[in-house]
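Trainee: here's my sequence, what's the structure:
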Amino acid sequence: MTCSIRYRRYAGLYFTLCIDPKDNELSYLESIHLFVECLDRYFGSVCELDLVFGFYKVFALIDEFYLGGEIQETSKKVILDRMAHLEEVEKRT
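Mentor: Purely as a prediction, here's the structure:
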């Protein structure tokens with residue numbers, strides 16, 4: 001199977017996706033942008049250290065975006081609301 005690798009750079013951070021040739025590359029590039037916006041909002045000006053030390057939160061955020069390699073959710077508000085709910089559940093346990 002062949003795929004194309006696309007990336008976007010944001011302030012020293014590189015975000016890379018492997019995209020199936022049948023999929024719309026532009027939608028995946030936009031999903032990277034949305035992901036970075038959510039990271040910025042969630043961590044407050046995201047940096048490498050946030051990604052390293054908060055990797056489990058980054059993975060949870062990725063799980064809100066993608067399901068089975070396909071884009072699942074595109075609403076920033078919905079994604080951040082779900083992350084806030086996960087934070088509440090985490091605090092209770």
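Trainee: got a list of what the residue most central in space within the chain touches?
Mentor: Taking CA atoms, centre = their mean as the criterion, residue 35 is the residue nearest the geometric centre of the chain, at 3.7 Å. Contacts for residue 35 (CB atoms under 8 Å, 6 or more residues apart in numbering) come out as 15, 61-62, 65. Heads up, the C-betas are built off the backbone N, CA and C, glycines and all.
Trainee: columns pLDDT and secondary structure on top of these, output as TSV?
Mentor: Formatted as TSV, the contacts of residue 35 follow (pLDDT from 0 to 100; DSSP: H, G, I helix; E, B strand; the rest coil):
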residue	pLDDT	secondary structure
15	91	strand
61	91	helix
62	90	helix
65	86	helix
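Trainee: got the buried residues for whichever helix in the chain runs longest?
Mentor: Secondary structure of the chain per DSSP state H: the longest helix is helix 25-43. Neighbour-count burial for helix 25-43 flags 28, 31-32, 34-36, 38-39, 42-43 (criterion: 16 or more other CB atoms under 10 Å).
Trainee: the bottom helix or strand of this protein by mean pLDDT?
Mentor: strand 70-71 (a mean of 84; mean pLDDT, DSSP states H and E).
Trainee: any weak-confidence spans in this structure?
Mentor: In the predicted model, the chain carries pLDDT under 70 at residues 1.
Trainee: re the thing from before, render the CA-only coordinates of the longest helix of the chain in PDB, please.
Mentor: Output of helix 25-43 as PDB, limited to C-alpha atoms (Å, rounded to 0.1, in the frame of the first residue of the first chain):
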ATOM      1  CA  GLU A  25      -5.200  15.600   1.700                       C
ATOM      2  CA  LEU A  26      -6.500  19.100   2.400                       C
ATOM      3  CA  SER A  27      -8.900  17.900   5.000                       C
ATOM      4  CA  TYR A  28      -6.100  16.100   6.800                       C
ATOM      5  CA  LEU A  29      -3.900  19.200   6.700                       C
ATOM      6  CA  GLU A  30      -6.800  21.200   8.200                       C
ATOM      7  CA  SER A  31      -7.200  18.500  10.900                       C
ATOM      8  CA  ILE A  32      -3.500  19.100  11.800                       C
ATOM      9  CA  HIS A  33      -4.300  22.800  12.100                       C
ATOM     10  CA  LEU A  34      -7.300  22.100  14.300                       C
ATOM     11  CA  PHE A  35      -5.300  19.700  16.400                       C
ATOM     12  CA  VAL A  36      -2.700  22.400  17.000                       C
ATOM     13  CA  GLU A  37      -5.400  24.900  17.900                       C
ATOM     14  CA  CYS A  38      -6.800  22.500  20.400                       C
ATOM     15  CA  LEU A  39      -3.400  21.700  21.900                       C
ATOM     16  CA  ASP A  40      -2.800  25.500  22.200                       C
ATOM     17  CA  ARG A  41      -6.100  26.000  24.000                       C
ATOM     18  CA  TYR A  42      -5.700  22.900  26.200                       C
ATOM     19  CA  PHE A  43      -2.100  23.500  27.300                       C
END
